[in-house]
Each structure stands twice: as C-alpha cells, then as structure tokens.
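A.B. asks: What follows is a protein structure lacking sequence information:
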Ligand SMILES: Nc1ncnc2c1ncn2[C@@H]1O[C@H](COP(=O)(O)OP(=O)(O)O)[C@@H](O)[C@H]1O
Ligand SMILES: Nc1ncnc2c1ncn2[C@@H]1O[C@H](COP(=O)(O)OP(=O)(O)O)[C@@H](O)[C@H]1O
Ligand SMILES: [Mg+2]
Ligand SMILES: [Mg+2]
Ligand SMILES: [Mg+2]
Ligand SMILES: [Mg+2]
C-alpha cells in the first residue's frame, strides 16, 4: 500500500460515510443520542479535504494528520476513539513511504489497542471494538485472506452487535433495551474496513 | 316572571352553556384566545350552584348574586361585561318579587347600557352588543312579540356577527382576519336570550 | 395534551402553592385568593405596585414580586384576566397608605377587571393610579379599536416603576415614570407553534410545519400575518424594523433590548436571534446599553419569541440598574 | 423541525456570538474556538474551573461562567462532547498558574475528550485536576458499565467548586469540595417529548401522546422505562423515592432542591411539580433549605424535567450561598 492507496482508502471511506450519514444517525437515535452520522460525516469530510490539499512526507505523517483532524473535528465518544486509533497506526507506520498488508494489519492492531486503552471496552460490549478486534485478528492470523472474504467477515461482525447488550458508551444506559439494533460505531467501523479492503483489492489487481 | 321562572332561566342558560362549552371555546380559538367556553362554563356553573342552595328575598337580590358570582368567577372580558349587565338589571328590579315582561325588557336595557359603558363597544363591532342591542330594542319596541319570533331574531343577530370585522375585544387585533366566524360572546349571549325566551314561553303557556 | 399537572382545573392554585414553597423568603400567598404578595407587604412608607393578568405567562407576574419590583401579582385563570375581587384583595394587602399603582396590560378583560377593582379600592379610601401597557407594535394603532396589546415590554414597567417606588417616589411619580417607560418601549413577536390551555386541552390554533405566525399575541391569539418560517436573521430584520419604526432614536440614544422566549424556544435559539439583532442594531448605529435574554413573559409552551426595545434616558437607566430581589429578576 | 436559526451547521458558533454580545461585561469569546471565558480571565491567584460538553443544554455551560462559578465553558457541537484542542485552549486561557479543575459529566465522549485535553495541558506544565459528575440515579450503578450519567446536579458542582475557588481554595481543596458535592447530589428526570438536533433535523425518538419516558438522558437518549403519562404528583413520588433511596438522610439534614426544566416545559408545570415535591419531602421529614426552579440544564426543546437533591452540610451551604455573578446564576 502506497500513499495513493491510503488516500484512496480514506476518500472512499468518507464517501461511504457521507452516503450513510443519516443511517448512522438513525442507528444512534435508537440507542444513543442520534449524532453519530453527523459526527463522522463532519470529521471525515475534513479528512478528505485535508488529503486533497496537503502533501505528506510518508504514510505515517498522513495518518497522523488524519488522527489530528478526527480528534479535533468529530467530538463525542467516536472522535477520541478513531483519533487515538489513527494516532497509534501513524506511529506504527512512521517514516514509511509505503507498507505491506502485514505492516498495515500490525498498525491496525496498534490502533485497536489504542481504542481499548482509551475506551476500556472489551469484545462483546456492543461497541466498535466488536468489529475492530475480530477483523484485525483475522487479518493478522491470515494475511493472505482474500479481500472479499474479509469484507464479508467484517459485515458479519457488525451484524453480531445487533444481538448484544451494550455495556459501554451511551447505549449502556439502556440495558436490555439496547438489544436489537446494530451498534452505530460498529457500522461506521465496517464502512472503514470494507473501504480499506475494497481499495486493497483494487490495488492488488 | 317570578323567582322560579328566573331561576329556571338561569339554570337552563347554564345547561346550554355547559353543552356548548367546547363550541364557545372553539369559536374563541379562531379569533381570540380560546377560553370563552371555559370562562362562561365556570361562571354559570357557580351561578347554578348558588341558585340551587340559596334563598333570595326578591328577584333583584337574586340577580345581584348572579352578578357578583359572574364578576368573581368568569374573568376575562366577558366576566366584567356579563357581571355589569346583571348588576344593572338587578338594580332595576330591586325589591321586586316578580315582574312583567316589560319590566324585564327595561331591566335588560339597563344591562345593555352597563355593557356599553364598561366595554365602550357600539353595534357592528363584532361583540356581544350585536346581540344585546337589537334583541333588547326589538323586545322593548314590541313587548307583545312572540317568543319564537324573538328566539329566531336573536339567532339572526348572532349570525350577522359572522360577516363583521371586530373592532373591540381581543378579536380586533386580527383586523380583516376576524371576518368569517361568529363572535363567541354573541353566541353566549344568544344562549342567554334564547333560554330566557324559552322559559318565558313555558311560563306563559 | 401532555403536561406535568394533576388537574387541568387546578393548575393556577397548585402553581401558586409551588411558587410560594420555592421562595418562602420572598413571597407570601394570600390565603383563599390567587394573589401573591411580597413577604414583607405592606411596606411602610412605600407606594405599592400591583400587576397581574391571566396565568400562563410565567415567570410573569409573580416572578417579579419582591424588593424593587412588584408588591403583588394577581393570577387569573390561564389566559383569563383575574377578577376584581382578587385584585382588590391584593390591593388591600399591599397598601401602606401611600397608594397603589396598577400596571395593566391593554386587553379589554384586564382593563375592565382592574378598573372594577380600582372602584372597589377607591370606595375603601385607597389611593389608586393605573397605567396601561401597550407595547405590541404588531397591530396598527387606531382610536377606533382597543389599541395595542401589552406584551413582554411590561416587564420593564414592573422593573422601573418598582424601583421608583422602592426609592420612595410618590404615587404620582411612580405613575409618571411607568408612563414614561410605556411610551419608550415597543415590542413585537413571532410564534412557531401554538400553546394549549390545560382546561381546553387542545392547541389555541393550528399551524403547519412550514409556517410561522407574525405579530402573535401572548395568549395564542392569531397574529397579523402567517408566513413561511423565516431564518433568525430574517425574523430579526422584520422585528427590528417594525419596532424601530415606532422609536425616534438619535445617535446619542441608548437602548435596552429584551429577547423574550415564549416558553418552548430553547435559549440556544434566543442567543442566535440576539446575535442577529445585535448585528442589525450595530449596523443601524443603535447603541445597546444592556441586553436581557430569557423567558420573561411566556405563553405556556409556545415556541417563538419577542423583541422589546426600551429607549433609555438617565432616569430610566438608573432605575433599570437599581437592585431588585425577585424570583425572576435579580 | 421549526427553529429560529440560520444554518443548522452553524448553531453553536452563532449562539456563542449571541451570548457574548448579550453579556459583554461578563463573558469573552476566545477567537477561533468554541470557548467562552470570564471577561477577566485568567484571574490572578485563583484556581480556575472549566466545564463544558455538548451544546443544547443552555444555559449550561456558558451561562455559569463568571465570578464565583466557572472560568471557562467549552461548547461542543449539539450533544457532542467538545474536542481536546478546544478544551485545551480554554485551559490555557484561564490558568493563572494555580491549576485548573475540570468538571466533567460522566459520558464516555466527555471523559475521553477532557482526558486528552488534560494530557495536552499537563505536557505544557499546567496543573490539572478532574472530577466526574454522575448524579443520575435512573441507571443502576455497576462497575461493569460506564457508570451513571451526569445531569442537572452538575450545576451544584459548578456553583460550589466555583465558590471555593473564588475564596482562594487550592486546587486540591477545590477538587475535594467538588467531589463532596458529587457524592452528595442525586438526580433523575422524565421526558414527555423528544428534542431535535438541528443538524439531524428530526426528533431523537418517537413517543406517543399517552406516554412518557422515565430516566431520560439529557441528550435525548432513551430512559429506563416508558410508561403512561403520570400526574405531577405521581412523577414527584417516583423521582423523590428514587433520589432519596441514594441518600442517607437523618432528621437533622438539610437539602437543596433543584427542579430543572428540560427546555419546553413551562414554568407553570415546574412550580406545580415543586408543590408536589415539597409536600412529599415535608411528609418524609426532609428539611428543604433552599429550592431552585427553572431551566438549568436543558435538552434543547425537550418537554420534561428533572429533580436533583443535594444534601448540605455547613461547608456546602456556605459555598452555595456565596455570591456569584453569571448570566444564569446570581
Ligand atoms: N468505551 C467505548 N469503547 C469503544 N467504543 C465506544 C465506547 N463508547 C462508545 N463507543 C462507540 O462510539 C459510538 C458512538 O459514537 P458517537 O455517537 O459519535 O458518540 P456519543 O456517544 O458521544 O454521541 C458507539 O456506537 C460505540 O461504537
Ligand atoms: N369591549 C367589549 N364590549 C363588548 N363585548 C366585548 C368587548 N370585548 C370583548 N367582548 C366580548 O367578549 C367575548 C370574549 O370573551 P372571553 O373570551 O371570555 O374574554 P377574553 O377575550 O378576555 O378572553 C367576545 O367574543 C366579545 O363578545
Ligand atoms: Mg452519539
Ligand atoms: Mg377569550
Ligand atoms: Mg381570555
Ligand atoms: Mg453525542
């Protein structure tokens, strides 16, 4: 993955998020405060603008800019979490002009650790961690996994959050009433990962 | 008209007002503040209660009690107006055990003067005066007029307020937009007069 | 109708109890009436100021009872003028022999009921003066009609007449300064949604999601015009223009601005609106001495707001700034 | 969605401008940020207190900026925690070298963003302490979850910590008294109608004409239960019981009561509710030292209310009564 691929990834992710903005907010209305789509759309639009207008020395530097933009623009719970994730990934990829899929999977594993440190959520608590953790570990376990398979697996992980009872984040206050909807952050995480795998698939072919 | 007839009148008037409470408020919603039915129902219910439980030396005293009750219970614009009306009528009938139709028509003429003095409205300004003034003067002009004829005439006077533009009371602030609905106070006045004529008709037969 | 109440017929009495229980140091309820007076009424040597009107305008009027403002507030049923007997009870309880000023909003019902109360009080030897507030410029002034309504600008009359009375002004002086405020204050409002009188149980009018009512009364009375919902800036332009048209302002004049929420409009929107009003006034060279933003005279849970502009002079400024200790104005 | 706004995306910035224009003597806007600070910040020799959170809770939080309460309020987007960079700008502007106390409501987003800001500030040598308010007793306390939310009781933390700082308390002392308030204040609310985030354009939830939401969050988050609309008295019984269950009150204890409107609930209803709360507390032998009724922490235009009860001791009473000069608390 080179700088251009990374840019493509984030721009595609932004497009998907803009498309799904209302859907994400709708999910958050059901079990949260209804702003997840607005938050993500605001943050990733700014990321997309920054990527379109700035030059970066390496992919680490690019991801650092993404992190700072998300931290400064998203707010709420998802801002610090995605921000921390990209910050940790940027540190892992510092100074690299490009990287292999394994490098990237490792960087995303660092990102996952950052999310868990910041948010203190474990798997099964109906948060974005329920997409991040299984997807990243599946990729790490099998770096040769096909992109379509990963996309499908990511989707399955997201779907599983529906049956979960939230234990972290705003939805946790709902108790059992949080069961029955996808977690908004799990859905936005799916958008992020499936955009990544889509771009990697294109880059490989 | 004796004390019992007068009581019958006011009790019938109360019944009609309770029946038409929502309709009166509805009319007031259109061109006022929507409380005319509530105000009248509150006041006349209390009148009815007082009449059911108190004894009076004469019809003047009875009407004075009605006046004080309306003044103290109705509020708004209609309270002082109906209150003043009954107060003036009570003065005119002071000390009388019973009265003729002409006495009563004269007393109601005093009542009308009280309304006009207190409210400063003239005929054609879309207020209760548009029922009171023509009805009282028709009765005074022709004390032998049939009760059915008077009831019909009262109704016609009320209907005419529909085409008028309000110049007094809360509806006046609407200007031309006040055209097109019956004046609430004209409708409650119709209820009062038609109850009176109904009772007189019964008393005569 | 969704309301936190117990009984639609009892809202006024229960509200009065709840107010007095919240501020026992400031307020006293006259048993058996709908009158709230200053805890220390009658205040010896002081002219008393009384106001009131229909309920549903909270914090008006009892929220302004206290040192430096009103001596009594008389509450009618919701949106219905209080009756003469109640007003009279209030006057008796606050008169210290120096007379009572009645501050009346210009509605037929209010005027008639207060006038009847004044007749009762005068018959008992109480000196009475009255002023009639008619700050709402929405409706054209005309000698053929009842004239203009009194709306949120009334609160400035309470504040300034109350301060004058507190400083020891005579009945004539308090009346005179109240009349000065009345001639110096102009207001106008808009509404986005109606409100519901509890005992009626349904909204005072219907209005679509796309429309607003311009020049709305504070009792849910229809306004002068119905238009598409405008932006805050457009509403500010409309109201500032209408209100300023009634003022003769020179470059030296200072004004006080009151941005009043009608009940359901969030403070957020009132502040956004204030931004627009401030900008427009600044462009027109109007000097704003002081701004008040909040709920001062509401219409139950109506969404909407009004703008009042009071032209100040030295006397009015001093009295506006004089201390007051009430539930709603400090 | 009917709102007096110009642009749903710009509400926070325009509101901030409108606030500062309304109270130029009290408030200053840090250019290019969403931070409002005391006009005289940083105050030499004084510990600074900062709070904030998503917008839409007005007058929280900027309404409490001023002498005797907050030094800065940081506004996020509507219902969205402010970002670390903004909070950090606020901390820099108010720190006089004596340290900054952060008053954070217990929401994952708020906690994380404030913590990140603290890391930035500490890296610059600013002494930072933080307290986390979790007064909402609607949700069971559990170590497995995020714990309880912070709601209207937070205003007592602002008031009392602010007073302690104003009196010259050290950072540790201000933090300690803030924590004491937090352990002494419990709250819970109900909602009758939802509210609409301007940028989202539709209500946060749907609810029928017959239902109410119990234990509602202040961001339109669903509560713990949906029931038929209850009477004021029934709501009072429910909330008083839930709130008192968390307090150990003896016959000697005095409490402060805060009846907070969520935005669209008329003052009339808040006072009726206060009547019911007062009656129930009196029956239970709870001594009410002081009552506050009004809009302190709203949810845009939600209809509903919350009850907060603060158990007082001499220190808290003195600090609660200490002078404050802010837009929303005087
Ligand atoms: N402690 C946490 N750890 C991981 N993810 C979390 C945590 N808390 C919340 N989230 C994620 O954040 C999402 C909500 O984000 P958002 O709506 O933008 O913020 P807020 O809840 O502050 O409004 C949730 O759907 C969940 O996936
Ligand atoms: N100046 C007046 N003279 C005569 N009748 C009047 C006057 N003002 C109002 N009314 C009558 O009072 C009626 C309204 O009464 P009501 O709704 O009870 O009082 P309010 O207008 O104070 O709410 C009007 O329909 C009209 O008939
Ligand atoms: Mg959210
Ligand atoms: Mg009416
Ligand atoms: Mg009325
Ligand atoms: Mg949020």
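C.D. replies: Cool, the structure landed. On a predicted model such as this, the values are computed, not experimentally measured, just so you know. Ligands and ions are numbered 1, 2, ... in the order given.
A.B. asks: Name the residues of the lowest-mean-pLDDT helix or strand in chain C that are buried.
C.D. replies: Lowest by mean pLDDT, DSSP states H and E among the helices and strands of chain C is strand C:225-228, with a mean of 93. Within strand C:225-228, the residues scored as buried using 16 or more other C-beta atoms under 10 Å in any protein chain shown are residue C:226. From N, CA and C alone the C-beta is placed, and that goes for glycine too.
A.B. asks: Repeat that for stretch A:19-32.
C.D. replies: Residues A:20, A:21, A:23, A:24, A:25, A:26, A:27, A:28, A:29, A:30, A:31, A:32 are the ones in stretch A:19-32 that count as buried (16+ other C-beta under 10 Å).
A.B. asks: The second one contacts residue A:40, correct?
C.D. replies: Spelled out, that is residue A:21. Yes: applying C-beta atoms under 8 Å, one finds residue A:21 in contact with residue A:40, separated by 7.3 Å.
A.B. asks: any residue of the longest helix anywhere in chain A up close to ligand 6?
C.D. replies: Counting by DSSP state H, the longest helix found in chain A is helix A:184-204. No: Helix A:184-204 is not in contact with ligand 6 by C-beta under 5 Å from the ion; minimum separation 10.1 Å.
A.B. asks: Check which helices and strands that helix sits against.
C.D. replies: Contacts defined by 3 or more C-beta pairs under 8 Å, 6 or more residues apart in numbering or on different chains; DSSP states H and E place helix A:184-204 against helix A:3-19, helix A:21-31, helix A:36-53, helix A:78-92, helix A:129-141, helix A:147-160.
A.B. asks: I'd like to know which of the ones you listed lies nearest to ligand 5.
C.D. replies: Of all the helices and strands packed on helix A:184-204, it is helix A:21-31 that lies closest to ligand 5, at 39.8 Å by C-beta to the ion.
A.B. asks: and the closest one, anywhere near ligand 3?
C.D. replies: Yes: shown here: helix A:21-31 in contact with ligand 3 (C-beta under 5 Å from the ion) through residue A:28.
A.B. asks: so where's the chain uncertain?
C.D. replies: If you meant another chain, say so; for now it's chain A. Low-confidence segments of chain A, defined by pLDDT under 70: A:205.
A.B. asks: Can you look at chain C instead?
C.D. replies: In the predicted model, chain C carries pLDDT under 70 at residues C:141-145.
A.B. asks: mind running it again at 80?
C.D. replies: Flagging of chain C using pLDDT under 80 yields the residue ranges C:140-146, C:220-223.
A.B. asks: Next up, the contacts around residue A:25.
C.D. replies: Residue A:25 is in contact with A:34, A:35, A:36, A:37, A:38, A:184, D:200, counting by C-beta atoms under 8 Å, 6 or more residues apart in numbering or on different chains.
A.B. asks: Sorry, slip of the keys, the one I care about is residue A:5.
C.D. replies: Contacts were defined as C-beta under 8 Å, 6+ apart; by that measure residue A:5 touches A:199, A:200, A:203.
A.B. asks: By neighbours, which of these wins?
C.D. replies: When neighbours are counted by other C-beta atoms under 10 Å in any protein chain shown, residue A:199 leads those with 22 neighbours.
A.B. asks: what sits against the closest residue in space to residue C:326 that isn't next to it in sequence?
C.D. replies: The shortest distance from residue C:326 to any non-neighbouring residue, by C-beta to C-beta, 6 or more residues apart in numbering or on different chains, is to residue C:66 (3.5 Å). Neighbour list for residue C:66: C:26, C:27, C:38, C:324, C:325, C:326, C:327 [criterion: C-beta under 8 Å, 6+ apart].
A.B. asks: and the two most separated of those residues?
C.D. replies: By the measure C-beta to C-beta, C:27 and C:324 form the most distant pair in these, at 14.0 Å.
A.B. asks: Is the closest residue to ligand 6 within the stretch 1-150 of chain C in a helix, a strand, or coil?
C.D. replies: Taking C-beta to the ion, ligand 6 has its nearest neighbour within the stretch 1-150 of chain C at residue C:2, 25.6 Å off. Reducing the assignment at residue C:2 to three states with DSSP: H, G, I helix; E, B strand; the rest coil gives coil.
A.B. asks: how much does the helix or strand harbouring residue A:115 deviate in direction from helix A:129-141?
C.D. replies: Element membership for residue A:115, per DSSP states H and E: helix A:101-119. Taking axes from the mean of the first three to the mean of the last three C-alpha atoms, to 10 degrees, helix A:101-119 and helix A:129-141 form an angle of 150 degrees between their directions.
A.B. asks: Can helix A:101-119 be said to contact chain D?
C.D. replies: Yes: for helix A:101-119 and chain D, the contact criterion (C-beta under 8 Å from any C-beta of the partner chain) is met by A:118, A:119.
A.B. asks: Residues touching that helix, excluding its own?
C.D. replies: With C-beta under 8 Å, 6+ apart, helix A:101-119 has contacts from A:1, A:63, A:77, A:80-81, A:84-89, A:91-93, A:96, A:99, A:121-122, A:127-129, A:132-133, A:136-137, A:139-140, A:143, A:168-169, A:200, D:108, D:112.
A.B. asks: Equivalent analysis for stretch C:83-93, please.
C.D. replies: Stretch C:83-93 has contacts (C-beta under 8 Å, 6+ apart) with B:71-75, B:79-80, C:30, C:33-35, C:37, C:41-42, C:48, C:50, C:52, C:72-74, C:76, C:100, C:102, C:113-114, C:116-117, C:119-121, C:124, C:126, C:128.
A.B. asks: Mind checking which of those are buried?
C.D. replies: Judged by 16+ other C-beta under 10 Å, buried ones among those: B:71-75, B:79-80, C:30, C:33-35, C:37, C:41-42, C:48, C:50, C:52, C:72-74, C:76, C:100, C:102, C:113-114, C:116-117, C:120-121, C:126, C:128.
A.B. asks: residues in contact with the residue of chain A found nearest ligand 1?
C.D. replies: Closest residue of chain A to ligand 1, C-beta to the nearest ligand atom: residue A:185 (1.9 Å). By C-beta under 8 Å, 6+ apart, residue A:185 lies in contact with A:36, A:77, A:78, A:81, A:127, A:128, A:169.
A.B. asks: Please repeat the previous calculation with a cut-off of 7 Å.
C.D. replies: A:36, A:78, A:127, A:128 (C-beta atoms under 7 Å, 6 or more residues apart in numbering or on different chains).
A.B. asks: Closest one of these to residue C:152?
C.D. replies: Proximity of those to residue C:152 (C-beta to C-beta) peaks at residue A:36, which lies at 39.4 Å.
A.B. asks: number of nearby residues for that closest one?
C.D. replies: Residue A:36: 28 surrounding residues under other C-beta under 10 Å.
A.B. asks: Please determine how far it is located from residue C:133.
C.D. replies: 49 Å (C-beta to C-beta, to the nearest Å).
A.B. asks: Next: residue C:294.
C.D. replies: Using C-beta to C-beta, we find residue C:294 at a distance of 19 Å from residue C:133.
A.B. asks: now swap in residue C:299 and tell me
C.D. replies: 16 Å.
A.B. asks: Next, the residue in the stretch 151-300 of chain C positioned nearest to ligand 1: secondary structure please.
C.D. replies: Residue nearest to ligand 1 within the stretch 151-300 of chain C (C-beta to the nearest ligand atom): residue C:268, separated by 17.9 Å. Under three-state DSSP, residue C:268 falls in the helix class.
A.B. asks: shouldn't it be in contact with residue D:11?
C.D. replies: Yes: counting by C-beta atoms under 7 Å, residue D:11 is a contact partner of residue C:268 at 6.4 Å.
A.B. asks: Name the residue in these two with the higher neighbour count.
C.D. replies: Just comparing residue C:268 and residue D:11: by other C-beta under 10 Å the higher neighbour count belongs to residue C:268, 29 against 26.
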